[in-house]
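Novice: Build the 3D model from these lines:
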Amino acid sequence: MKSKVTAVDIEAALADRYRRTGSGFLPQIEVDDPHGLLRLDGVGLEWSYKRMWLSGFEIKISRSDFLRDAKYALYRNYVDDMTLVCPARMIDRDELPDGIGLLWYDPEAKPGRPRLRYRRKPEPSHGDTRQVEQQILRRLTRLDAPAGRYGHYESARQYVEEKTALKGIGEALGSKMARRITELERLQEPSHRQAMEERAAAYDRLVSILNGHGFDQITRSSRGTQLDHGLACLDKALSANAPVETIDRETRYAINTLKYLRELVGLDRDQNGRETA
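Specialist: Below you'll find the predicted structure:
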């Protein structure tokens, strides 16, 4: 049975890909956006026409995560191009917005064939890369962080990945060691990952229940302002409660009115004018 692909596997494959090309790869880059803080899963560095080309990457390992979160479209504003990475055949290129690249990860790729394969190349986004560049410089200099157990790095994983990407020691350490350290550190927080997966599954069940009862303003593909509008409609529907006594009073009034109308037009009398049973 095939093992489940994890974000760790894809991140390690991306880092290995850029190490083999002689360039750098940095995980978890944050930028400030008018919509809030955005976190790119990774940024690849390449030299292009005497300047550094920054390629952003967003990792998706489940359909539910892909359908409910489309913030990656905003990341194009801060990198030179943007690509979504997922397990092979999980997402089709036609499902992505224009300009976003799609990279499939196949852990069962035959020997000699790459595990990462483009289904659609990204288009240049001409984004403002200054925030990403500043983060890269801060990580290099470490002027904003005190020295700790791993020098100015926060963890062994960050030491291996960033030193490998920016100082070129990947050949000495090797991708297997980098992957192992990454896996060990990620395993320190299984409860957090499990909680996120349970919330995603609960969201899918909730949407199914709402749709099953005719409320279709919220779907699995809802996002952004569409989701906000759907939630507002749901809140209004749940808040529209009428008192039982009001419903009973209005019902009795309708029944009495119907009786009066029937008597008025003679529906309750036979041809001889006698009341029917």
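Novice: Now Gln217. Its backbone dihedrals?
Specialist: Main-chain torsions, Gln217, degrees, to the nearest 10: phi -70, psi -20.
Novice: What distance do you get for the residue nearest to it when sequence neighbours are not counted to Tyr18?
Specialist: Leaving aside its sequence neighbours, Gln217 sits nearest to Gly230 (Cβ to Cβ, 6 or more residues apart in numbering; 3.8 Å). The C-beta positions use only the backbone N, C-alpha and C, and glycine is treated the same way. Taking Cβ to Cβ, to the nearest Å as the measure, Gly230 falls 40 Å from Tyr18.
Novice: Compare the two and say which one has the larger neighbour count.
Specialist: Tyr18 (21 against 18; other Cβ atoms under 10 Å).
Novice: Just name the shakiest helix or strand of this structure by mean pLDDT.
Specialist: helix 170-173 (a mean of 40; mean pLDDT, DSSP states H and E).
Novice: which is the next helix or strand following the helix or strand hosting Leu14?
Specialist: Using DSSP states H and E, Leu14 maps to helix 7-20. Counting by DSSP H and E, the next helix or strand C-terminal to helix 7-20 is strand 24-33.
Novice: For Pro122, what are phi and psi?
Specialist: Per-residue torsions, Pro122: phi -70, psi 150 (degrees, to the nearest 10).
Novice: and if you look at the one 10 residues further on?
Specialist: Backbone torsions for Val132, taken as degrees, to the nearest 10, come to phi -60, psi -40.
Novice: who touches it in this structure?
Specialist: Ile29, Val31, Leu40, Val43, Leu54, Gly56, Tyr78, Val79 (Cβ atoms under 8 Å, 6 or more residues apart in numbering).
Novice: What are the structural domain limits within this protein?
Specialist: Using automatic domain parsing, the domain ranges for the chain come out as 7-188, 192-239, 242-277.
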